[in-house]
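K.L.:
Task: produce atomic coordinates for the following.
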Amino acid sequence: MNLVARVKAILVDPTAAWPQIEKEVGDPALLLRRYVAALALIPPLAGFVGATLIGVVIPSGAIARASLFNGAAGAIFGYVMSCATVLVLGLIIALLAPLFGGHRDFNNAFKLAVYSFTPVWMAGIFLVLPGLHFLALLGCYGAYLLWLGVPRLTKMPDDQAANFTAVIIASALALLYIAVLVQRLVFGTPGL
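P.N.:
Got it, this is the predicted structure:
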């Protein structure tokens, strides 16, 4: 799997990408090493540069920056939490799929979580400049990707796909909120 080609395929033409993803073996360890490990680096690195090197303008007009130690520790924590979030989301998908008429298959559930998270990681580049943080909302495109992939990878009936997608999106938002909250409380830096 070519990382750049897969990112482009899932972002630009997801309806063609999901059938190919469905056919792949989907070894979670391989997917973690070759896809998640690279893409999950984008938000913490951009956040580190934005928080420690560029900084933010505070109301007094001064520029506030996080310390290098706090910035680096926060970036490492954010990276680990990003990888863990996608893993937990895969578990949630696998556990809840049968409740909505789908199949319990962790490999497909993990693929669904990982590839649906691609826009979130890619939008993380906007954490580099404080004025662009709002563009991280482009990561919401992942909800659409998830909705497209749910019937194919979980074998869920179409009439249940929207409800299941809503539950998974709520779960993902809760996991992200917890990760960001803990990171900000512990390190005082912007997360994910």
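
K.L.:
Looking at the closest residue to residue 143 other than its chain neighbours now. What's its pLDDT?
P.N.:
In space, and not counting its chain neighbours, residue 143 is closest to residue 169: 5.1 Å by CB to CB, 6 or more residues apart in numbering. (C-beta placed from N, C-alpha, C; glycine too.) Note on residue 169: pLDDT of 95.

K.L.:
Phi, psi for residue 169 please.
P.N.:
Phi and psi for residue 169, reported as degrees, to the nearest 10, are phi -60, psi -40.

K.L.:
Can you name the residues bridging to residue 56?
P.N.:
Judged by DSSP bridges, the bridge partners of residue 56 are residue 64.

K.L.:
The residue of the chain most remote from its centre: what secondary structure?
P.N.:
Here the centre of the chain is the reference, and by CA atoms, centre = their mean the most remote residue is residue 60, at 34.4 Å. Using DSSP: H, G, I helix; E, B strand; the rest coil, the structure places residue 60 in coil.

K.L.:
Just the pLDDT for it.
P.N.:
pLDDT for residue 60: 77.

K.L.:
Give me the distance between it and residue 171.
P.N.:
Residue 60 is 40 Å from residue 171, where distance means CB to CB, to the nearest Å.

K.L.:
So which residue is smack in the middle of the chain?
P.N.:
The centroid of the chain falls nearest to residue 117 when counting by CA atoms, centre = their mean (3.5 Å).

K.L.:
where in this structure is pLDDT low?
P.N.:
1, 187-192 (pLDDT under 70).

K.L.:
Please enumerate the helices of this structure.
P.N.:
With helices called from DSSP state H, the chain shows them at 3-12, 14-23, 28-31, 37-39, 42-48, 68-96, 106-116, 118-123, 141-154, 158-187.

K.L.:
and the shortest one, how far from the chain's centre?
P.N.:
Centroid separation between helix 37-39 and its chain, computed with CA atoms, centre = their mean, to the nearest Å, is 11 Å.

K.L.:
swap in the longest one?
P.N.:
Its chain's average C-alpha position is 10 Å from that of helix 158-187, according to CA atoms, centre = their mean.

K.L.:
Can you point out the buried residues in it?
P.N.:
For helix 158-187, the neighbour count (16 or more other CB atoms under 10 Å) marks 160-161, 164-165, 168-169, 171-172, 175-176, 179, 183, 187 as buried.

K.L.:
And stretch 141-153, by the same measure?
P.N.:
141, 142, 143, 145, 146, 147, 148, 149, 150, 151, 152, 153.

K.L.:
Repeat that for stretch 5-19.
P.N.:
For stretch 5-19, burial by neighbour count (16+ other CB under 10 Å) applies to 6, 7, 9, 10, 11, 14, 17, 18.

K.L.:
and the first one, what does it touch?
P.N.:
Which is residue 6. Contact analysis of residue 6 by CB atoms under 8 Å, 6 or more residues apart in numbering lists 17, 35, 115.
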